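test case, fold it:
(one chain, ligands or ions: 1)
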Amino acid sequence: MEAFSAHIHPDDRDQVQQEIQKSLDPKHNGQYELSYRIIRFDNQETRWIKVKGSVYFDRHQPVRFIGTVLDLTEAAMAEEKSAKLAAIITSSDDAIISKTLESVITSWNDSAERIFGYSAAEMIGETIYRLIPHDRRQEEPEIIRRLKNGERVENFETKRLTKDGRLIDVSVTVSPLKDRRGNITGLSKIARDISASRLLLKELEASETRFRFMLNAIPQQVWTAGPDGALDYVNQVVCDDFGYSTEEIVGHGWQAFIHPDDLPACLEKWLKALVAGTTYEVEFRLKFHDGSYRWHLARAIPYSEGSIIKLWLGTNTNIDLQKQNEQRKDEFLSIASHELKTPLTSIKAYNQILERIDDPEKRKPFIKKSADHIVRLERLIGDLLDVTKINAGKMNYDMAPLSFRALLSDSIDSIQHSITSHEIVLESAPDIQYNGDHIRLEQVIHNFLSNAVKYSPGAKKVLVNSKIEHGNIIVSVQDFGIGIARENLDRLFERYYRVDNTAMRFEGLGLGLFISAEILRKHGGSFWIESEQGKGSTFYFRLPLEGLNKPTVARTDTFYCDQHLTINFNQTKKRMEVDWTGFQDLESVKKGCLVMWELLKQNQCDRIVNDNTHVMGNWSEATDWVGNTWFPMMEQAGLKYFAHVFSPSTFSQLSAIKSIDIMAGIVTTQYFTDIKLAQAWADQFPR
Ligand code: ADP
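Numbering: from 1, shown residues only. The predicted model follows:
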């Protein structure tokens, strides 16, 4: 006994000693049974043993111990393991369920109750199908089939039903339960409720989509860079501007797109900002997909968490127009000073001559010349003041009845009076009363006439015509001068705009047409130009006559007609035929276009032959509305093919091209000069 005790684990030694003492007491019949740990001699391993036996006495003296020693180590470990497992199963956040191959539930932990709402008592003995939605019942046999094939079923995402009828998102991992021979006897299933994380993910995705939409909706280029300055995101605006994909741009970095002259200053500022962690701001030119460079203002701010910069958020704002305007203003100031100085210098010179001449007769021509220059000076200053008034919306109009023929001939006379180089011929003028501002309209006619004279230095005549057409007074001033190239036509009425090659040769501020356009607009009129470079130009303007525009409207389900247009839905060809007539303005274009939209929808038509052959003048004020609003409406209403037959008026052609250019949708558009070709084109598409 003594030798044996030497191997007893020190923690169990006392208890063993006590038990031995007890068993040595003859009162206890020498029965002995005890479990404890021993330490083996050979490898110092600790093992659990159970010692059971009897002590034999001879005259109350213990003489022999006969018993058995059982090694309990494996059993003890298994017990410990199962105790641990039970603890894990109870405390797990996941539902842990075991079931037979017939899907009958054999165990159900606390979390299963928390997640699905059923207690263990309710579920043990029930089948798992209680939790499976009807349309997912095939999943169970499929899982068993996969496990039998030796496949793993891990984090399988599906939906399950709770006791209160909710469908929840779960992630399921299933393991087979096997007997000693390795046969699958049941399944252990761990189900994790992922509804909350799914919801969070969905919310995150939605917020990211919203965020990206926002970033793409703003007109600026938006980008982010890592703390080291490496570009890692650009919005769609950048891709559209540069003509590359996000990946390509992020791969290239900005440097590839910055104008080489602006690059050194920009890099220096960027590096400084990166090092100091301060706002970055720089102006540079960026190269667009068409090869042109546009001025941008770049700004970036660092986003930090604590003192650590996590990312840089940057924007590049297109400031090209402002830059151009600045440049044009500078140019304008230099031209204006020059223009004002020229007559002043002449007046000064004439005054000096006059000082030296006493004879009143000899003084006369110099006084006349000096007076002419004063008039010019007055006009220039007047133009400058008018532009200021137009910009401030303070140009006043004094509308009163006037004789249009008198207005025209008086204006011609006053110009003719001061020039000898050209003869201004009034070929026709209707005798009609018009309600308008006499002085302002005279200003328009003066401007057209003096331009016609100025820009036809080699010619002798300027022809003026006037007539009533479609309820409008139309005036044309024709010269045989330098003409204007088509590409410059639609910019002529802009402020300060002067055709490049004329600006150097002819004096002027580029304000006259801008002011005239504003005056005509205020009278409800419009203007346009027909011109051929080198041959001459005809400037037109139109003033609507009140009372003559009484509309007569006819309308059925397939037909519409007023003084501006005729629409016919051709039922055999299933196409809409639209014929615009006469002078159009924003109001007439809008009205007509909306009727087209209604008839297109009503007749479920997908093609239009839009004939502008009979359009006159210019409808430029409607181009933005047609491109941005009307075309998308038509596209939504089912329009697929749009054949446009050009008007002979260059200005109307320019308007049509501009509108159709704005609209970059799915409508297929084609221009024609011949109605028959347009119809054939529209008819070729399957219906
Ligand atoms: P300005 O004549 O003072 O430059 P306008 O506003 O009257 O200003 O005209 C703007 C520009 O239009 C002119 O600079 C010129 O290039 C062009 N222009 C105007 N009228 C004619 C014309 N009859 N023939 C050719 N070009 C013209």
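
residue 286 touches residue 256, doesn't it?
No - taking C-beta atoms under 8 Å as the definition, residue 286 is not a contact partner of residue 256, at 10.1 Å. Heads up, the C-betas are built off the backbone N, CA and C, glycines and all.

which one's more surrounded, the two?
Taking other C-beta atoms under 10 Å, residue 286 and residue 256 do not tie; residue 286 has more neighbours (22 against 12).

is that one in a bridge, and if so with what?
Applying DSSP bridges to residue 286 gives these bridge partners: residue 258, residue 294.

what residues does this protein put near the ligand?
Counting by C-beta under 6 Å from any ligand atom, the chain comes close to the ligand at 447, 451-452, 455, 479, 481-482, 484, 492, 498-499, 502, 508-514, 537.

out of those residues, which sit inside helices?
Within these, residues falling in helices by DSSP state H are 447, 451-452, 502, 512-514.

which of the helices or strands spans the closest residue to residue 493 other than its chain neighbours?
Closest residue to residue 493 apart from its sequence neighbours, by C-beta to C-beta, 6 or more residues apart in numbering: residue 517 at 4.2 Å. Here residue 517, judged by DSSP states H and E, is contained in helix 512-522.

with only the CA atoms kept, save that helix in PDB.
C-alpha atoms of helix 512-522 as PDB (Å, rounded to 0.1, in the frame of the first residue of the first chain):
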ATOM      1  CA  GLY A 512     -24.700  95.700 -82.200                       C
ATOM      2  CA  LEU A 513     -26.300  92.400 -83.100                       C
ATOM      3  CA  PHE A 514     -26.600  91.400 -79.500                       C
ATOM      4  CA  ILE A 515     -28.500  94.600 -78.700                       C
ATOM      5  CA  SER A 516     -30.600  94.200 -81.900                       C
ATOM      6  CA  ALA A 517     -31.500  90.600 -80.900                       C
ATOM      7  CA  GLU A 518     -32.700  91.700 -77.500                       C
ATOM      8  CA  ILE A 519     -34.800  94.600 -79.000                       C
ATOM      9  CA  LEU A 520     -36.400  92.200 -81.500                       C
ATOM     10  CA  ARG A 521     -37.100  89.600 -78.800                       C
ATOM     11  CA  LYS A 522     -38.900  92.300 -76.700                       C
END
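
for the record, mean pLDDT for it?
Here helix 512-522 scores 91 as its mean pLDDT.

which residue does the protein have closest to the ligand?
Relative to the ligand, the nearest point of the chain is residue 508 (2.4 Å; C-beta to the nearest ligand atom).

you'd agree residue 661 is in a helix?
Yes - the assignment for residue 661 (DSSP: H, G, I helix; E, B strand; the rest coil) places it in a helix.

contact partners for it?
residue 627 (C-beta atoms under 8 Å, 6 or more residues apart in numbering).

what pairs with the helix or strand in which residue 539 is found, parallel or antiparallel?
With elements taken from DSSP H and E, the one containing residue 539 is strand 536-544. Using DSSP bridges, strand 536-544 pairs in its sheet with strand 472-479 (antiparallel), strand 526-532 (antiparallel).

return the member of those strands having the minimum mean pLDDT.
Note on these: strand 526-532 shows the lowest mean pLDDT, a mean of 90.

then that one to PDB, C-alphas only?
The C-alpha coordinates for strand 526-532 follow below in PDB (Å, rounded to 0.1, in the frame of the first residue of the first chain):
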ATOM      1  CA  SER A 526     -36.800  87.100 -84.200                       C
ATOM      2  CA  PHE A 527     -33.900  87.400 -86.700                       C
ATOM      3  CA  TRP A 528     -31.900  85.200 -89.000                       C
ATOM      4  CA  ILE A 529     -29.200  85.300 -91.600                       C
ATOM      5  CA  GLU A 530     -28.500  83.700 -94.900                       C
ATOM      6  CA  SER A 531     -25.000  84.200 -96.100                       C
ATOM      7  CA  GLU A 532     -22.400  82.900 -98.400                       C
END
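
buried residues of it, list them for me.
Under the neighbour-count criterion of 16 or more other C-beta atoms under 10 Å, strand 526-532 has 526-531 buried.

adding distance to residue 225, write those out as TSV.
TSV is the format used below for the buried residues of strand 526-532 (distance: C-beta to C-beta, whole Å):
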residue	distance to residue 225
526	50
527	50
528	50
529	50
530	54
531	51
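
just checking, residue 285 touches residue 296?
Yes - between residue 285 and residue 296 there is a contact under C-beta under 8 Å: 7.2 Å.

tell me where the stretch 301-450 of the chain has helices.
Secondary structure of the stretch 301-450 of the chain (DSSP state H, counting those that start in this stretch): helices located at 320-356, 360-392, 404-418, 438-454.

what sits up against the shortest one?
With contact meaning C-beta under 8 Å, 6+ apart, helix 404-418 is reached by 372, 375, 423-424, 426, 429-434, 438, 441-442, 445-446, 449-450, 453, 464, 466, 473, 475.
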